[in-house]
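**Student:** make a model of this:
(one chain, ligands or ions: 1)
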Amino acid sequence: MFIKIENLVAGPGEKVTGYIMVPETTIKLPVTLINGKKEGKTVLITGGVHNAEYTGIETAIQLAGEIQPDEITGCLILIHPVNTSGFENRTMSVVAEDGKNLNRIFPGNPNGTEGDKLCHFLATAFLSQIDFYIDLHAGDGYENLTPYVYYLGAVAPEVVEQSKIMAQKVNVPYLVKSFTTTGGVYNYAGSCGIPSILIERGGEARWSEEEVNLYKADVKNVLRHLTVLSGAVKDNEYGQVEIENVIYENASVNGCWYPRKKAGEMIKKGEELGVIKDYFGKVLQRCTAKYDGLILYRISSLSVLKNESMIVYGEIKN
Ligand SMILES: [Zn+2]
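**Tutor:** Numbers count the residues shown, from 1 in each chain. Predicted coordinates:
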């Protein structure tokens, strides 16, 4: 079987790399196609839907370089990264030309702005060809995050089930079922019937070889489970638990953010999680825990913006 996306074509046993231009934009996508000799499933892996989430981007770059066609049954498509215009302008995860977050505007619009066109192109040229999807994220440049994985929760039951099993192959302690059905790439893929996961590892605009090695092992383990990559599937080391009733505590004002807790810390109901103050030290908003739980991520910059999630936590499912 040949795999073809615009100008890139890979025959059986071939690996092809190159840029694909998003039609009617100046945005280029660095893409690697790895086509196994044997036919099988096609998996899409993306890093840098959010361009300041460097662990995911470097993981996708290294996987694209390392994986060879003779290890693959089926096809791998890697985009590394997706938001190159954001990456090259060092935005905090928006498309440089229009300020849009790609994970809010799916399935895009061929007649819209650059970001809209990019989303439309991903949906039509890439998602139309795949059986499974793995999206590699991290905390954003201003976010402190504990490693966890999202799986699809509000799609067809068999897609939910397959997504959950994929997520269980990721070696992180926490699983989060997501109920969002619109806006994001991975949610949209789910609505098209494609079992998908979104992994969160790293953040604060940093990356290390150690984190990337862990991240690559996660992706490879999922690929082995899908029988696309050869080798034995490893068990999760953490006895993964599910996090539910996730609360996204939003800032009601712009201000200075003083968190009391870090990602990965356990919290007690009623405990203060952080406060927003103005430039004179006056408290503008207090945030307290609504129940016992675990912090998934929180903003780590001093600045907090109105309507953004300053701290996100959930309950550990018994
Ligand atoms: Zn992200």
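
**Student:** what mean pLDDT does the helix or strand hosting residue 214 have?
**Tutor:** Using DSSP states H and E, residue 214 maps to helix 209-225. For helix 209-225, the mean per-residue pLDDT is 98.

**Student:** would you mark the buried spots in that helix?
**Tutor:** 211-212, 214-216, 218-225 (16 or more other C-beta atoms under 10 Å). For the C-beta atoms, the positions are set from N, CA and C on the backbone; glycine is no exception.

**Student:** residue numbers of the chain in contact with the ion?
**Tutor:** Listed as neighbours of the ion in the chain under the rule C-beta under 5 Å from the ion: 50, 53, 137.

**Student:** need the pLDDT of the last one.
**Tutor:** Among the per-residue scores, residue 137 shows a pLDDT of 98.

**Student:** so what's it up against?
**Tutor:** Neighbouring residues of residue 137 by C-beta atoms under 8 Å, 6 or more residues apart in numbering: 49, 50, 53, 56, 198, 199, 200, 201.

**Student:** and the residue of the stretch 101-250 of the chain closest to the ion?
**Tutor:** Relative to the ion, the nearest point of the stretch 101-250 of the chain is residue 137 (3.5 Å; C-beta to the ion).

**Student:** quick check: bridge partners of that residue?
**Tutor:** Here residue 137 sits in beta bridges with residue 200, going by DSSP bridges.

**Student:** now do the helices in the protein.
**Tutor:** 54-66, 84-89, 114-121, 157-168, 185-191, 209-225 (DSSP state H).

**Student:** can I get the ones you listed in CSV with distance to residue 35?
**Tutor:** What follows is these, written out as CSV (distance: least, C-beta to C-beta, whole Å):
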stretch, distance to residue 35
helix 54-66, 13
helix 84-89, 24
helix 114-121, 21
helix 157-168, 22
helix 185-191, 21
helix 209-225, 14
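
**Student:** so residue 317 touches residue 244, yeah?
**Tutor:** Yes - counting by C-beta atoms under 8 Å, residue 317 touches residue 244, with 4.9 Å between them.

**Student:** higher neighbour count, the two?
**Tutor:** A direct count of neighbours by other C-beta atoms under 10 Å for residue 317 and residue 244 places residue 244 higher, at 15 against 11.

**Student:** and the more buried one, how far from residue 142?
**Tutor:** Residue 244 sits 26 Å away from residue 142, taking C-beta to C-beta, to the nearest Å as the criterion.

**Student:** and residue 218, by the same measure?
**Tutor:** Using C-beta to C-beta, residue 218 is found at 24 Å from residue 142.
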